[in-house]
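J.: Sequence plus predicted model, see below.
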Amino acid sequence: MNDAPAFPRLDSAELPADAIEVARIGEAWGIKGWFKIIPFSAQPEALFSSKRWYLQPPDRGPKPFGGTVLLPIKEAKDHSGSVVACSHDIQDRTAAEALKGARVWVARSSFPSAAPDEYYWVDLIGLSVVNREGLDLGVVTDLLSTGPQTVLVIQYPGPEGKTLERMVPFVAAYIDQVELPQKLIRVDWQPEY
């Protein structure tokens, strides 16, 4: 006997080439098919702006569906410090419970436009970093939020083939320019810092 709730019927879909994993689905919320979202960003605008979420099964636990499915979103909103959403295809609590753990992907092309001098973290990962003297400092592999500021995590080759990391605060005092088309960040930073 299987105690897992039956997964609602959703259409199979192909993950867009520019899809980015932005969240996971949490617990059911209420009795009318709403569900909680666990966003990977403190500012989940991509979840609010996109009306087409692509779901993939959870990494662990029961797999209520295989491959990628399309979840049309009716509404996603902030509610008491968390994010909740509903879909036209999820009608009750049982169906919402079946979504728990699903990985949520959104096409990058559906993200809202960033304001001038603002960047999505996903757009900074993979950019090369050079200082004012033209010295290559490495490649951005991650970003960390330290509360008051964000820090670029930059990897670079070290002695004996080891990969080393340096961190540069992503603040105007150290970041001279971000050139997305050139995949480059220019900084006022020295390798020995």
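T.: Perfect, I can see it now. Worth saying up front: this structure is predicted, and the values here are computed from it rather than measured.

J.: What average pLDDT does the helix or strand that contains Val122 get?
T.: Element membership for Val122 (DSSP states H and E) is helix 121-124. Helix 121-124 shows a mean pLDDT of 87 in the predicted model.

J.: Paired strands for the next helix or strand after that helix, with orientation please.
T.: Scanning forward in sequence from helix 121-124 by DSSP H and E, the next helix or strand is strand 128-131. Looking at strand 128-131 with DSSP bridges, its partner strands are strand 136-145 (antiparallel), strand 184-187 (parallel).

J.: Where does the prediction get shaky in this protein?
T.: Of all residues in the chain, those with pLDDT under 70 make up the ranges 1-8.

J.: and it, what are its domains?
T.: Taking automatic domain parsing as the criterion, the chain consists of the domains 19-110, 121-187.

J.: Would you convert those into a markdown table that also reports mean neighbour count and distance to Ser12?
T.: Every residue, glycine included, has its C-beta placed from N, CA and C. What follows is these, written out as a markdown table (neighbours: other C-beta atoms under 10 Å; distance: least, C-beta to C-beta, whole Å):
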| stretch | mean neighbour count | distance to Ser12 |
| --- | --- | --- |
| domain 19-110 | 17 | 6 |
| domain 121-187 | 14 | 25 |
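
J.: want to try JSON lines for these, with distance to Leu10 as columns?
T.: Putting those into JSON lines (distance: least, C-beta to C-beta, whole Å) gives the following:
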{"stretch": "domain 19-110", "distance to Leu10": "4"}
{"stretch": "domain 121-187", "distance to Leu10": "25"}
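
J.: for Glu75, which residues make a bridge with it?
T.: For Glu75, the residues forming beta bridges with it (DSSP bridges) are Cys86.

J.: my read: it touches Cys86, true?
T.: Yes - in terms of C-beta atoms under 8 Å, Glu75 counts as a neighbour of Cys86; the distance is 5.4 Å.
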